[in-house]
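[1] Make a model of this:
(one chain, ligands or ions: 1)
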Amino acid sequence: MIHLEGISKSYKIAKRSSGLRQAAKALFYREHTTINALKDISFSIKQGEIVGYIGPNGAGKSTTIKIMSGILVPDTGKCTIMGYTPWKDRTQYVKNIGVVFGQRSQLWWDVPVIDSFELLKDIYKVPQQEYKSTIDLLIETLELQEIVQSPVRQLSLGQRMRCEIAASLIHNPKIIFLDEPTIGLDAVSKIAVRQFIKTINKEKGVTVILTTHDMNDIEALADRVILIGKGTLLYDGNLEELRKQFGTTKIITADYAKNTDPIQIPGTAALSWTPERIVLSIDTERVKPSEVITHLSNKVELLDVTIETKPIEDIIVQLYKEYQI
Ligand SMILES: Nc1ncnc2c1ncn2[C@@H]1O[C@H](COP(=O)(O)OP(=O)(O)OP(=O)(O)O)[C@@H](O)[C@H]1O
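    Numbering: from 1, shown residues only. As a prediction, this is how the structure comes out:
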């Protein structure tokens, strides 16, 4: 469905110099620097996938989304999405995609949200009946009843984001590109937005490409992650694989009847210790959690034990370190 091959994109920016003399010189002669935002990016995405497109600030995520949505033209490379070249066949192509840029609004600021929806219906030439059933569903599932009559400028960020997502789906697109859709949302709104993305993917088979810095978004939604750093594709694979590769640490917290003897267990490191509780970090490649618990129960009278997996956030930090990005 989506196929990128050898995509590169650079930005040319004028160097700014300080001082009056330099500013005068710049009137006649401008020096430029080139930023290589994307270098030889290739990947394919199948229909119905939810792909998390991740990487640190400035990695090239938004640039890729802009190329895939036809806003930017790459310097070199091929991009075919549903048979279209996004920046060449824009008019036909955009009928098939929805785009949300968390940082920018596609809604008209001063008019009630519902009027923006109507305008988008006309732009995309959505038949009235189809529009009615889509909009009713969107209003209900994204809980927009109370806010659709308000102008966008009066909405909170979370309310606006829910409207943005609805706006991107009015024409029933087959693919949606979400660039940081949960940025600045409270916990409840984040969960609602994630749930909604999951539902349209499951029930309508919508393909989702999601960029985010919130690893909980990735964990909740994406089966596959593509990692980009300094414009280069570094990892493309299953989230579970990533976890296996980098997430071999588990944290065991054990509560026990008072014990003042030191506890040392091979393959573990004590993160904290009191006469009633120990928190151990264990490397599951060296020792199994069950072996640690057996060791512990031989030494102390165990009252409670919990085992936690390393949060996905830590795994990603480790990954960024590994690739030095
Ligand atoms: N319009 C532009 N003009 C010049 N440079 C740009 C432009 N847009 C992006 N860049 C540069 O290209 C690189 C990639 O930027 P991009 O916005 O794609 O990164 P990103 O991964 O989306 O980052 P973030 O997570 O911070 O949003 C950065 O170095 C950025 O400064």
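[2] need the contact list for Asp75.
    Applying C-beta atoms under 8 Å, 6 or more residues apart in numbering, we find Asp75 in contact with 8-10. (C-beta placed from N, C-alpha, C; glycine too.)
[3] same thing with Ile200?
    With C-beta under 8 Å, 6+ apart, Ile200 has these contacts: 169, 176, 206, 208.
[4] hang on, it is in a strand, isn't it?
    No: using DSSP: H, G, I helix; E, B strand; the rest coil, the assignment for Ile200 is helix, not a strand.
[5] related to what we said a few turns ago, tell me the most packed of the contacts of Asp75, by neighbour count.
    Lys9 (22 neighbours; other C-beta atoms under 10 Å).
[6] okay, Gly247: pLDDT?
    pLDDT recorded at Gly247 is 69.
[7] same question, the one 5 residues further on
    You'll see Ile252 listed with a pLDDT of 93.
[8] Now the helix or strand bottoming out on mean pLDDT in the chain: buried residues?
    Least confident element among the helices and strands of the chain, by mean pLDDT, DSSP states H and E: helix 20-28 (a mean of 74). Across helix 20-28, burial judged by 16 or more other C-beta atoms under 10 Å covers no residue at all.
[9] What of stretch 36-47?
    37-39, 41, 43, 45.
[10] Format the residues you listed as TSV; extra columns: pLDDT and secondary structure.
    TSV is the format used below for the buried residues of stretch 36-47 (pLDDT from 0 to 100; DSSP: H, G, I helix; E, B strand; the rest coil):
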residue	pLDDT	secondary structure
Ala37	95	strand
Leu38	96	strand
Lys39	96	strand
Ile41	96	strand
Phe43	97	strand
Ile45	97	strand
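[11] so, if you compare the residues you listed, which one comes nearest to Pro112?
    Ile45 (35.7 Å; C-beta to C-beta).
[12] who's in contact with the closest one?
    1-2, 51, 207, 209.
[13] which of the residues you listed tops the neighbour count?
    These, ranked by neighbours (other C-beta under 10 Å): first place Ile209, 25 neighbours.
[14] Doesn't that one belong to a helix?
    No: checked against three-state DSSP, Ile209 lies outside a helix; its state is strand.
[15] ok, it - contacts?
    Per C-beta under 8 Å, 6+ apart, neighbours of Ile209: 2, 45, 51, 53, 65, 68, 175-178.
[16] Strands of the stretch 151-300 of the chain, residue ranges please.
    175-179, 207-211, 224-229, 232-238, 249-256, 268-273, 277-283 (DSSP state E, counting those that start in this stretch).
[17] Who are the packing partners of the fifth one?
    Applying 3 or more C-beta pairs under 8 Å, 6 or more residues apart in numbering; DSSP states H and E, one finds that strand 249-256 contacts strand 277-283, helix 289-299, strand 302-309.
[18] Mean neighbour count for the ones you listed - can I get that in CSV?
    CSV is the format used below for the helices and strands packed on strand 249-256 (neighbours: other C-beta atoms under 10 Å):
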stretch, mean neighbour count
strand 277-283, 18
helix 289-299, 15
strand 302-309, 12
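[19] got CSV for the ones you listed, with distance to Gly102 too?
    Formatted as CSV, those follow (distance: least, C-beta to C-beta, whole Å):
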stretch, distance to Gly102
strand 277-283, 35
helix 289-299, 38
strand 302-309, 28
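[20] Would you format these as CSV with mean pLDDT included?
    Shown next, in CSV, are those (pLDDT from 0 to 100):
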stretch, mean pLDDT
strand 277-283, 92
helix 289-299, 93
strand 302-309, 92
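[21] on that earlier part again, who does the least confident helix or strand of the chain touch, helix- and strand-wise?
    Packed next to helix 20-28, using 3+ C-beta pairs under 8 Å, 6+ apart, is no helix or strand.
[22] tell me the average confidence for stretch 117-134?
    92.
[23] who's in contact with it?
    Stretch 117-134 is contacted from outside by 95, 108, 135, 148, 166-167, 169-172, using C-beta under 8 Å, 6+ apart.
[24] repeat that with 7 Å
    95, 108, 135, 167, 170-172 (C-beta atoms under 7 Å, 6 or more residues apart in numbering).
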